[in-house]
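Chemist: Below is the sequence, then the predicted model.
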Amino acid sequence: MKTGARLSLNDLVQRRSLFDQTWTLSTILATAMAVISWYFGLSQADIGPVIWTLAALAFMQFVLGAQTRFVNTDLGIQRATLSSQILGTVMMGVAWHEFGGLQQPLLPLFVVLPLLSATLLLDFWRQQVAILLLLILLVSGVLLSPEANSFIQERYGLGIAVRHIPEWIPRSRVAFADVNTSPTYDLVLVSSLVVVAIALGFTGRAMVGLCSREAGRLTLLESELERMQRINLEMITRSPRSEVLVRTGTGRIVMSSQRFQDAYPVGAGMEGFLLDAVSFRYPAVVKNFLSVGGEEVQAATVGGRDVMLRLSAVVIGSETSQMTRLIIEVADELLWRGALDALEQPAFAINSRGNVAVLNRQARAMFGEHVEGFPVANLFDTGTRWWDIAPLDAARRTVSRGDQQFVAAIRREQIAESVGDVTCVYLHERASLHALAV
């Protein structure tokens, strides 16, 4: 595995720290095993050389690890890791032979433990070098055994025997005087350890490969999540409406659109609370509305002016991280509708397309509920565009509907910010013309 292609330098440093900690743990465990065996009289070997060897291993690994902190490349970290593994294998092998060699068959497994964590750092070929050195260590357990003889040469015709090993290389010490193993047992034991070491090495590599693939998928998911969060943020901040995302329980503003910030600059700039940003007449009702969602109309004061606000809310998220997406629209045409309904004469508004936009109660009783949105030309028998008084702002026209005739007082005005410019028509029966005041 070429970690440099997938991992950042920070990730490699963290994995290197894990590798160093694993070697520290292996050294401590090996030392504890030697001390406990000596203290309880379980081993007759002199543990002095063993302890000094393990102490030297710990010191040299510390020095090598300290130097690795100044390495800032992937290749440099891999080389330092392989050097640490080679150093640990050699020093642990010396301690193994000092502590009995094959009479302590499980001690080489303390080399396998760091090898598993080294898989996180080493590429394929460097890992094979580390495994090969471990195999050489296991084979040396047979060659340096005090009971080794010409079994291999006699049985298999191989010219490898302990007598061919230089005298300056020390043989394994005797830890248990009453234990006498045969060469066949030694070979089977070493073969088993070789299989276990190879299996653990490749298993570790397979696990690292699997974790790397899953980590790659996780990285893609994180980037996709970040992209979606960025899109959601832009959807709200760049919304053409006055939109805000608040925490349901507290009403604190999480993010808001630019239009909301322009309309309510104090609350949006401070990223404070919604109820501080917008002066609702009934804040307790709005607070409860945030937790249930839906649509609501509330009176509020904006810029010193009383307005009606139409609220649309959707509650999203779980209980622990619940938020409310709120859309606030000025609906001051509702105030105008109330004033229009209070008039005694029929009145209605016409939009720029010549359709009926708003009717008061008297006009709805006169023309019916269904006429809202219909062409105003269908309301009267007058065929001309009688409602078009441009360029005048006010005028009077006579219109007829069946046998009835009306005087229409027509004005062009903006009845509400949320409605825009319309043409307002106020109807008076001709019998009451003397009471008409324009």
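Modeler: Received it, and whenever you're ready, just let me know what you need. Numbers count the residues shown, from 1 in each chain.
Chemist: Wait, a strand at Val407?
Modeler: Yes: assignment of Val407 by DSSP: H, G, I helix; E, B strand; the rest coil places it within a strand.
Chemist: The nearest residue to it once chain neighbours are set aside - how many residues pack around it?
Modeler: Ranked by C-beta to C-beta, 6 or more residues apart in numbering and with sequence neighbours excluded, the top spatial neighbour of Val407 is His428, at 4.8 Å. C-beta here means a position set from N, CA and C on the backbone, and glycine is covered the same way. Neighbours of His428 under the rule other C-beta atoms under 10 Å: 18.
Chemist: Going along the chain, name the strands of the protein.
Modeler: Here the chain has its strands, by DSSP state E, at 242-247, 253-256, 279-280, 294-302, 305-316, 323-330, 347-350, 356-359, 394-401, 404-414, 421-429.
Chemist: List the buried residues in the first one.
Modeler: In terms of neighbour count (16 or more other C-beta atoms under 10 Å), strand 242-247 has its buried residues at Ser242, Glu243, Val244, Leu245, Val246, Arg247.
Chemist: quick one: which of the residues you listed is nearest Ala277?
Modeler: Val244 (8.1 Å; C-beta to C-beta).
Chemist: quick one on the thing from earlier: can you pull the pLDDT of the residue nearest to Val407?
Modeler: Note on His428: pLDDT of 86.
Chemist: Ser352 too?
Modeler: pLDDT, read off for Ser352, is 80.
Chemist: can you tell me how far it sits from Val376?
Modeler: 12 Å (C-beta to C-beta, to the nearest Å).
Chemist: Comparing these two, which residue is more hemmed in?
Modeler: Using other C-beta under 10 Å, the more surrounded residue of Ser352 and Val376 is Val376, with 23 against 10.
Chemist: ok, and the closest non-adjacent residue to the more buried one?
Modeler: According to C-beta to C-beta, 6+ apart, the nearest residue to Val376 is Ile350 (5.0 Å).
Chemist: The one you found bridge partners, please.
Modeler: Val356, Thr423 (DSSP bridges).
Chemist: what residue ranges in the protein score low on pLDDT?
Modeler: 1-7, 146-171, 265-271, 332-336, 383, 414-421, 431-438 (pLDDT under 70).
Chemist: I'd assumed Gln405 was in contact with the residue nearest to Val407.
Modeler: No: when contacts are counted by C-beta atoms under 8 Å, His428 is not listed as touching Gln405 (10.2 Å).
Chemist: List the contacts of the residue nearest to Val376.
Modeler: Val356, Ala357, Val376, Trp387, Val422, Thr423, Cys424, Val425 (C-beta atoms under 8 Å, 6 or more residues apart in numbering).
Chemist: export the residues you listed to JSON lines and tack on distance to Ala56?
Modeler: Below are these laid out as JSON lines (distance: C-beta to C-beta, whole Å):
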{"residue": "Val356", "distance to Ala56": "98"}
{"residue": "Ala357", "distance to Ala56": "94"}
{"residue": "Val376", "distance to Ala56": "102"}
{"residue": "Trp387", "distance to Ala56": "104"}
{"residue": "Val422", "distance to Ala56": "95"}
{"residue": "Thr423", "distance to Ala56": "100"}
{"residue": "Cys424", "distance to Ala56": "100"}
{"residue": "Val425", "distance to Ala56": "104"}
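Chemist: Can you give me the separation between the residue nearest the centre of the chain and Gly100?
Modeler: Geometric centre of the chain, nearest residue: Glu222, 5.2 Å, by C-alpha atoms, centre = their mean. Glu222 is 51 Å from Gly100, where distance means C-beta to C-beta.
Chemist: do Arg238 as well
Modeler: Arg238 is 74 Å from Gly100, by C-beta to C-beta.
Chemist: higher neighbour count, those two?
Modeler: Gly100 (24 against 11).
Chemist: Surely the more buried one and Ala177 touch.
Modeler: No: judged on C-beta under 8 Å, Gly100 makes no contact with Ala177 at a distance of 10.5 Å.
Chemist: Let me see the contact set for Ile94.
Modeler: Heads up, residue 94 is Val, not Ile. Val94 is in contact with Thr53, counting by C-beta under 8 Å, 6+ apart.
Chemist: That one and Asp46: what is the separation?
Modeler: 14 Å.
Chemist: which residues touch the closest residue to Asp306 other than its chain neighbours?
Modeler: Of all residues not flanking Asp306 in the chain, Ala299 sits nearest, at 6.6 Å (C-beta to C-beta, 6+ apart). For Ala299, the contacting residues are Phe280, Arg281, Tyr282, Asp306, Val307, Met308, Leu309, by C-beta under 8 Å, 6+ apart.
Chemist: got the phi/psi numbers for Arg241?
Modeler: phi -110, psi 170 (degrees, to the nearest 10).
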